[in-house]
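Chemist: dropping a prediction and its sequence here:
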Amino acid sequence: MNSRRYLVYNLILVVALLTGCQNFPKDPEKTLEQVTNGTLKVGYSENPPWVVKGPAGPTGIEPDLVKAFANGLNAKIEWQNDSEQNLMEELEKHNLHLVIAGVTDDTPWKSKISFTRPYVELQKKKHVFCVIMGENAFITKLESFLRQQQTTLETRVQP
Amino acid sequence: MKPMSRFEYPEELQPVFKKAKKLEWITVAYLISTALVVFFTMGNSQAMKTAYFEDLLSLTPSVSFLIASRIFHKKPNKDFPYGYHRVVGIAYLCSALALFAVGAFLIFDSASTLIKQEHPTIGIKVIFGHEIWLGYLMIGAMLYSTIPAMILGHLKLPLAKKLHEKNLYTDADMNKADWMTGAAAIPGIIGIGMGWWWADSVAAIIISLDIIKDGYKNLKQAVFDLMNQIPKTVDDQETDPLLLEIEHKLKHQPWVKEHTFRLREEGHIYMGEALVVPHDEVNLTQRLEKLGKEISELDWRIQEFLLMPVQKLPNDGEDGRPA
């Protein structure tokens, strides 16, 4: 049985990979690369106070977060307004990078798209952003950004 | 007819059996702890969810061993005149089925991830104020579910052979399945980090083939044991060489003209009967008793061997003698 050798190979692989990678994890479809210095395609559906439809694009808690995030990546935002259903389908087809609609982590969309970790909790509801499945570089970047905003957000959503 | 006199392990094997029981208690505690660790690191990763269910399922052999070990040594009684030995075979069937199910579950799950092209999402987790990629935590959890399982499995194999415990042997196979899936998941998770969304599933499929092979082998043997197939060895499922010894014993009795016998496995132990055609009937009862005693003293596993004198051997079908 060469089982022990197998384990040793694994461990070597782990060490080699962890020391060799700066940008880790990576995206299978390079979302983060495309968005950085490019365009962030965001779908939104009205759900005050999280997302409020306005004459000059959406406002509210979540659009503000998206704007700050895009700013950090030096990206333009391309807004798309639709129903939550249609937006989720577009996200699943990778036509959008991000969907905001005041979504909480108990929505039934879970299997076809992914959520960020909850960025704020209000009245026992955990609020999340919806993202493309498995674009792990993009997701970790966004999650990390949302975490930095956590304290400001918590004071902002205080009832 | 009086119920069987002897039951289960001889004195010299009692400490071995105690050690096996202790190992199984450790296994149960360890598997529950790995299931908890995996549960807290799984996030919404499908791969980790599979690992979690698998951990729960892999409790079956150790739990069934521990349950059976409380039952099989009970003395035969009016209601169970053959004793409780067969509970071991039932436990073995449960274990083998669980092992097979783990393999089947894993291959089905991984294949469907590949076909549906589901890209696994692994985000960040915040621990004590520090952000860490969940993938690294998963790798840590996998290491925890790899190394102890490997050690436990290796400790169980020699005990299983000594005790003629196929259930324990299957549990060692289950530990092997556990550590192999753990070891495969590590490059799988790193692969996901490299942007190869398929890495985890491909690694799991390769490992699941091995688990299915072990599971199928044991499942088949467990069913055959309950169907009274001739006794097979624990490790390689070859016909037990003990049958040759019995054949040898019967063949070299000067007073036996012709003979035939069969043996079946009842958990750890064997039971059997022989038909003998004597040359004459001088001291027949004493001779039969002496021979029966000699045969059951060949090995502790032969707990009951009945001899029946006949005038002529029946010739319907083959007997259970080794070729």
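Modeler: Perfect, thanks for sending it.
Chemist: looking at chain B, which residue lies furthest from center?
Modeler: B:Val282 (46.6 Å; CA atoms, centre = their mean).
Chemist: can you list the residues that contact the helix or strand that contains A:Leu32?
Modeler: Using DSSP states H and E, A:Leu32 sits within helix A:31-35. Residues outside helix A:31-35 that contact it (CB atoms under 8 Å, 6 or more residues apart in numbering or on different chains): A:Asp27, A:Ala70, A:Leu73, A:Ala75, A:His97, A:Ile132, A:Glu135, A:Ala137, A:Phe138, A:Lys141. Quick note: C-beta positions are derived from backbone N, CA and C, even for glycine.
Chemist: quick one: low-confidence parts of the chain?
Modeler: Let's take chain A. Within chain A, the segments meeting pLDDT under 70 span A:1-22, A:159.
Chemist: wrong chain, I was asking about chain B
Modeler: Along chain B, segments meeting pLDDT under 70 span B:1-7, B:43-48, B:323.
Chemist: domains of it?
Modeler: Domain ranges of chain B: B:11-226, B:242-309, per automatic domain parsing.
Chemist: closest to chain A out of the ones you listed?
Modeler: Nearest to chain A among these is domain B:11-226; the distance by CB to the nearest CB comes to 2.3 Å.
Chemist: gap between the two ends of the closest one?
Modeler: One end of domain B:11-226 sits 27 Å from the other (CA to CA, to the nearest Å).
Chemist: and that domain, how far out from the chain middle?
Modeler: Relative to the chain's own centre, domain B:11-226 is displaced by 13 Å; criterion: CA atoms, centre = their mean, to the nearest Å.
Chemist: equivalent analysis for stretch B:226-233, please.
Modeler: With CA atoms, centre = their mean, you get 14 Å for stretch B:226-233.
Chemist: list the contacts of that stretch.
Modeler: B:86, B:89-90, B:93, B:221, B:224-225, B:238-243, B:262-265, B:270, B:301, B:320.
Chemist: so which of the residues you listed are in helices?
Modeler: B:Gly89, B:Ile90, B:Leu93, B:Gln221, B:Phe224, B:Asp225, B:Leu242, B:Leu243 (DSSP state H).
Chemist: can you pick out the most distant pair from those residues?
Modeler: The most widely separated members of the ones in helices among the contacts of stretch B:226-233, counting by CB to CB, are B:Ile90 and B:Leu243 (23.9 Å).
Chemist: show me what contacts A:Val131?
Modeler: A:Leu91, A:His97, A:Leu98, A:Val99, A:Ile113, A:Ser114, A:Phe115, A:Thr116, A:Phe138, A:Ile139, A:Leu142, B:Thr121.
Chemist: relative to B:Gly123, how far out is it?
Modeler: For A:Val131, the distance to B:Gly123 equals 9 Å [CB to CB, to the nearest Å].
Chemist: anything in contact with each of these two?
Modeler: A:Ser114, A:Thr116, A:Ile139.
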